[in-house]
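Peer 1: here is the input, now give the coordinates:
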Amino acid sequence: MFRCYFIIFISCCFLFLMGCWDSRDIEQLNIHVGTALDKASPTASSKNQHLIKLTTQSISAKPSISQNEQNSQVQGQQYQNITGSGNSIIEIIDRFSQENEKPSYGQHLKVIIIGEKLAKEMNMEMILEQHSRTYEIRDSCILLIARGLAADTLKIPKGIPAFTLIGIDKNQYKTSRLLPPLSIGKAINIMSARKDFIIQGVQVKHGKIDFNHAAIIKGDTNKLIGHLDEREIEGLNWLTGNVKGGIVKGRDPKTNGLILYEVSTVKSKISPHLKGNHISFDVDIESSGRLNEDAVSAGNAFSNKFIERAQIAATQEIKNQINRTLHKLQKQYQTDVVGFGEQLRIYYPKEWVQIEKNWNKRFSNVPIRYHVNITIKDYMEKGKKEVSK
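Peer 2: Predicted structure coming up:
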């Protein structure tokens, strides 16, 4: 019996040592939480047009401190930004390791931001190649595109910028002007398939983070070709059904007064049609919500007629957003980031083999009909809907 226990004890010790032989004290690690990638100016020794400038944001684990001590900490004590340039990301990181006494640790990397100049000139799949191959970077890391320099987004004065970026990016349930967060794992899969896609954009304005645009990525080159503004992002989200909340500002068709419709639920369905060589789409959008606020003083605000007018006001605004989005995607960029082609492939797989080769050009002239149905079910605390007699 003693021999049996002894063998078990030795086995446990062996397993413990095997699992911990290369472990490091967390206080000795340089924990990366954010990375910014920009196009760097070529130096005299390197004329490579794709020279990369990398800024990495790291934090170090420290013993717990009192609230007063925490409030008195200066910005430099909360995080550290290190910048370097080179022909590849791995080259720059290797140089960081030579210059920093604490080893780099990337498993807690939260966000990667790519500057617009680099995204326009270099294939993004190549930019992210090192991140997609390393075991350290998790596929759940979020990807953003910066207007201007990506490094600026890691220099905002309050808090830890990388955490601020992630916090705002998760607020989609509060507004329809944000895209669903895009992870590196998903982005790599899309780029490998050479599909058009869209990424949430970010910009620093007056020292604050502003998620005020979206970046359009062309599938055949995996490069940035243009942007959607906030209203066009709303139109895109209505088409895809990715609206989790937010407010629609409409105008009463009778008085032109402002009416605010607060979104509760949204459903969207794209139906492709193929007759001979003719392609068309129908998009059916249904939404329910509540009347958040109105500036219409005439009449009973909760009469059936007024509710109908409020629903018309919200419907018209949503249609305006969708129309603006489709015009830019079809006519200006000839880029299908909504997923119309994917629906065509699902419904007509055999025909899609021939259509796919020249899809973006055909997409620019495809008729798209959209039908919006708004139902106001709640009226806040001001009253209730009039009961028909």
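Peer 1: helix or strand: which one has the residue lying closest to residue 231 once chain neighbours are set aside?
Peer 2: The shortest distance from residue 231 to any non-neighbouring residue, by Cβ to Cβ, 6 or more residues apart in numbering, is to residue 321 (5.6 Å). Every C-beta, even on glycine, is put in place using the N, C-alpha and C of the backbone. In this assignment (DSSP states H and E), residue 321 forms part of helix 304-327.
Peer 1: which parts of that helix are buried?
Peer 2: 306-307, 309-319, 321-322, 324-326 (16 or more other Cβ atoms under 10 Å).
Peer 1: packing partners for the helix or strand following it?
Peer 2: Later in the chain than helix 304-327, the nearest helix or strand by DSSP H and E is helix 340-347. Using 3 or more Cβ pairs under 8 Å, 6 or more residues apart in numbering; DSSP states H and E, the elements in contact with helix 340-347 are strand 258-275, strand 278-294, helix 349-355, helix 359-363.
Peer 1: could you export these as JSON lines, including mean neighbour count, mean pLDDT and distance to residue 128?
Peer 2: Below are the helices and strands packed on helix 340-347 laid out as JSON lines (neighbours: other Cβ atoms under 10 Å; pLDDT from 0 to 100; distance: least, Cβ to Cβ, whole Å):
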{"stretch": "strand 258-275", "mean neighbour count": "17", "mean pLDDT": "95", "distance to residue 128": "29"}
{"stretch": "strand 278-294", "mean neighbour count": "18", "mean pLDDT": "91", "distance to residue 128": "32"}
{"stretch": "helix 349-355", "mean neighbour count": "12", "mean pLDDT": "95", "distance to residue 128": "28"}
{"stretch": "helix 359-363", "mean neighbour count": "17", "mean pLDDT": "94", "distance to residue 128": "23"}
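Peer 1: surely residue 379 is in contact with residue 290?
Peer 2: Yes: assessed by Cβ atoms under 8 Å, residue 379 is found in contact with residue 290 at 6.3 Å.
Peer 1: picking up where we left off before, out of the helices and strands packed on helix 340-347, which gets nearest to residue 234?
Peer 2: Of all the helices and strands packed on helix 340-347, it is strand 258-275 that lies closest to residue 234, at 10.4 Å by Cβ to Cβ.
Peer 1: in this structure, what helix or strand scores lowest on average pLDDT?
Peer 2: Across the helices and strands of the chain, mean pLDDT, DSSP states H and E gives its lowest value to helix 67-71, namely a mean of 36.
Peer 1: on that earlier part again, right, and the residue nearest to residue 231 touches residue 239 too?
Peer 2: No: Residue 321 lies out of contact with residue 239 (Cβ under 8 Å); the separation is 9.4 Å.
Peer 1: quick revisit: tell me how far the residue nearest to residue 231 lies from residue 329.
Peer 2: 13 Å (Cβ to Cβ, to the nearest Å).
Peer 1: now for stretch 196-212, what's the gap between its first and last residues?
Peer 2: 20 Å (Cα to Cα, to the nearest Å).
Peer 1: report the buried residues of it.
Peer 2: Residues 196, 197, 198, 199, 200, 201, 202, 203, 204, 209, 211 are the ones in stretch 196-212 that count as buried (16+ other Cβ under 10 Å).
Peer 1: that stretch: how far from the chain's middle?
Peer 2: Relative to the chain's own centre, stretch 196-212 is displaced by 9 Å; criterion: Cα atoms, centre = their mean, to the nearest Å.
Peer 1: with stretch 173-185 instead?
Peer 2: On the basis of Cα atoms, centre = their mean, stretch 173-185 sits 4 Å off its chain's mean C-alpha point.
Peer 1: before we move on, what about stretch 167-175?
Peer 2: 10 Å.
Peer 1: outline the domain layout of this structure.
Peer 2: For the chain, the structural domains run 28-61+74-229, 246-389, going by automatic domain parsing.
Peer 1: now the longest one: average pLDDT?
Peer 2: Average pLDDT, domain 28-61+74-229: 84.
Peer 1: start the count at 11 instead of 1 going forward.
Peer 2: Sure, I'll start numbering at 11, so the last one becomes domain 38-71+84-239.
Peer 1: for the closest residue to residue 167 other than its chain neighbours, give its distance to residue 90.
Peer 2: Nearest non-adjacent residue to residue 167, counting by Cβ to Cβ, 6+ apart: residue 217, 5.7 Å away. For residue 217, the distance to residue 90 equals 19 Å [Cβ to Cβ].
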